[in-house]
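Chemist: Sequence below, structure please.
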Amino acid sequence: MAYDLQEQEQIDTLKAFWSQWGKLIGGAVLAVSVGFLGFKGWQYYQRTQAEAAAVIYSQLETQLQTGKLEQVKSAVALLQRDYPSSALSSNAALLAAKLAFDRNDLGFARAQLKWVIAQQGDEVVTAVAHLRLATVLLDEKQYDAALSELSQPHPATFDSPFLDLKGDVLVARGDISGARESYKAALAKAAPDAPARDFIQTKLDSVGN
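Modeler: The predicted structure follows:
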C-alpha cells in the first residue's frame, strides 16, 4: 500500500516516537494494569477474608449462647490467628472474656482483653477492653494494675464509667476519701438520664457524701 509524502512523514514520526518512548509507555501501561489487577485482587482477598471470619464468628455466637467456653476459646484462637485485623476478632475476644469472667476463668479473660488493647483498633472497643480488664484486675485484688487501666486515654463518653469503677477500686483498697471524690466525679460526668446515676449515688451515699 502506497502512502503519500505527508502520511509517510507521520508514520516516520510515530516510529521515531515509539522507538524513543515505547518501552517507557509500555512499562507504564503494564504498571497501571498490574496495579489495577492487584487492587482488585486485594479487594477480593479482603472480601473472602471477611466472609470466612464471619462464618467463624457466627459459630462462636452459637457457642456463647450455650455457654461452651472451651469451644469459644478455640473459635477465638482461630479468629486471632487467621484474621487478627478483623473487627470481628476483637468483638469475639470481648465476648469470650465476658463468658470467661462469669465462669471465673480470670486468666483467660485477662489475656483476651489485653489482646484487644494490643490491637490498637477502634477507640471505643479499646476503652471497653480497658474497663473490663480493670474489672478483672479488681476481682483479682490487683488494685494498682486496675487503677493503671482506668488511667488510660479513652473517649469522653467513658469518663463516668471509668470514674465509677475507679471508686470501686479505691473502696476495695481502703481509700474511702478517694472513692468518694471519684464517685462524685462520676456523677458529674454522667448524663442526666443515665441508668447508672442512681447506682453511683447509692455507692456515694454508702461512703458518705
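Chemist: Was I right to think Val124 contacts Leu131?
Modeler: No: taking contacts as CB atoms under 8 Å, Val124 lies outside contact range of Leu131: 10.7 Å. (Glycine included, C-beta is placed from N, CA and C.)
Chemist: which of the two has more neighbours?
Modeler: Leu131 (19 against 12; other CB atoms under 10 Å).
Chemist: pLDDT-wise, which helix or strand of the protein ranks last?
Modeler: One helix or strand of the chain scores below all others by mean pLDDT, DSSP states H and E: helix 5-66, with a mean of 60.
Chemist: Tell me which other helices or strands the next helix or strand after that helix touches.
Modeler: Using DSSP states H and E, the helix or strand that follows helix 5-66 in sequence is helix 69-82. Applying 3 or more CB pairs under 8 Å, 6 or more residues apart in numbering; DSSP states H and E, one finds that helix 69-82 makes contact with helix 5-66, helix 87-102, helix 106-118.
Chemist: in helix 69-82, what's buried?
Modeler: 69, 72-73, 75-76, 78-80 (16 or more other CB atoms under 10 Å).
Chemist: which residues does Lys203 contact?
Modeler: Counting by CB atoms under 8 Å, 6 or more residues apart in numbering, Lys203 touches 164, 167-168, 171, 183.
Chemist: Most widely separated two among these?
Modeler: Asp164 and Val171 (11.1 Å; CB to CB).
Chemist: okay, these two: which has more neighbours?
Modeler: Neighbours were tallied for Asp164 and for Val171 using other CB under 10 Å; the higher tally belongs to Asp164 (24 against 19).
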